[in-house]
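> Here you go, sequence then predicted model.
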Amino acid sequence: MSRSAVETMREPPGAPAPPTMSVRDLSMTRTRPDGERVVAFEDLSFDVARGEFACLIGPSGSGKSSTLSVLAGLERPTSGTVLVDGHPVTGPGPDRALLFQEPALFPWLSVRANVQLAVRLAGVPVRERDERAAAWLSRMGIDRVADRQPHELSAGMRQRATLARALACDPKVLLGDEPFGALDALARERLQGVLQRERVEGAGRTTFLFATHNVREAVLLADRIFVMSAAPGRLLEEFRIDARQPRSLEDVLIARVVSEIHDLLIRQVEEP
């Protein structure tokens, strides 16, 4: 993988943290019903440090969703390994949470009950469950609607509830497969702001790895961006962004990174 370090620095970076997630030589080949074998992605290798926010970005069909499915333990790779804190990923586990485009809330439970159920299943002690659920509902700005059913909320509010439920369980890694992709522009912008604020105010306990098509979103949120090629997906370049949060697209250096990644993706789409 060729690498391009694009640094928009405001202060000297500290010593690198040890990796929470390590991906080594990961490949996935699927067999279609007609027997044809299709390579979803191949030879992926990268690390994501504790508390870091990383993004996978690439054209449609580059294998981003398939990669996250393997990292979440929902599928087995054809070859390669995934480690979380040095332990092999062999299936789903409480150390990882996965967000999808559509919020996966239980429709018969209130928003509060959805979060409370999750922390109970995560093994949070009884005396802490209600307090932890209430704290995350407040941090996501949905405490006022906590006793409503999911269908009573907007799409953006439902995704906030899903985010609150995931983070309340204190996962080591939060994976996101285009989690804001189904939202309108305003709701998406607000959720990006929620995550930027959480990165500033939080303790940096959770490691984030999102897949997205949205270059601006990736540059606003991520410390590192891994650009994937057109199918079969390979890692092309890595962009490191050391600007403080919250960020603005009006920042000249941020805008330059957006432009460079966008141009790289356009070349991937246009090349035969």
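Cool, got the structure. Numbering: from 1, shown residues only.
> contacts and neighbour counts: CA atoms only from here.
Noted.
> Name the SS class of the nearest residue to R205 once chain neighbours are set aside, please.
Distances taken as C-alpha to C-alpha, 6 or more residues apart in numbering put G51 closest to R205, at 5.4 Å, once the chain neighbours are dropped. Of the three states, G51 takes coil according to DSSP: H, G, I helix; E, B strand; the rest coil.
> ok, which stretches of this protein are strands?
Defined through DSSP state E, the strands belonging to the chain, from first to last, are 19-31, 37-49, 53-57, 79-84, 87-88, 96-99, 173-177, 207-212, 224-228, 235-240.
> Would you mind measuring from the nearest residue to R148 once chain neighbours are set aside to D177?
The shortest distance from R148 to any non-neighbouring residue, by C-alpha to C-alpha, 6+ apart, is to S110 (5.2 Å). The spacing between S110 and D177, counted by C-alpha to C-alpha, to the nearest Å, is 24 Å.
> give the contact list for L249.
For L249, the contacting residues are R216, L220, A255, by C-alpha atoms under 8 Å, 6 or more residues apart in numbering.
> Most neighbours among these, which one is it?
When neighbours are taken as other C-alpha atoms under 10 Å, the top entry among those is L220 (23 neighbours).
> Which pLDDT value does the model give that residue?
Residue-level confidence at L220 comes out at 93, pLDDT.
> In contact with it: list those residues for me.
Applying C-alpha under 8 Å, 6+ apart, the residues contacting L220 are Q192, P246, R247, S248, L249, I254.
> For those, give me JSON lines that also has distance to L137 and pLDDT.
Conversion of the contacts of L220 to JSON lines gives the following (distance: C-alpha to C-alpha, whole Å; pLDDT from 0 to 100):
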{"residue": "Q192", "distance to L137": "16", "pLDDT": "90"}
{"residue": "P246", "distance to L137": "21", "pLDDT": "84"}
{"residue": "R247", "distance to L137": "24", "pLDDT": "87"}
{"residue": "S248", "distance to L137": "26", "pLDDT": "86"}
{"residue": "L249", "distance to L137": "28", "pLDDT": "84"}
{"residue": "I254", "distance to L137": "31", "pLDDT": "90"}
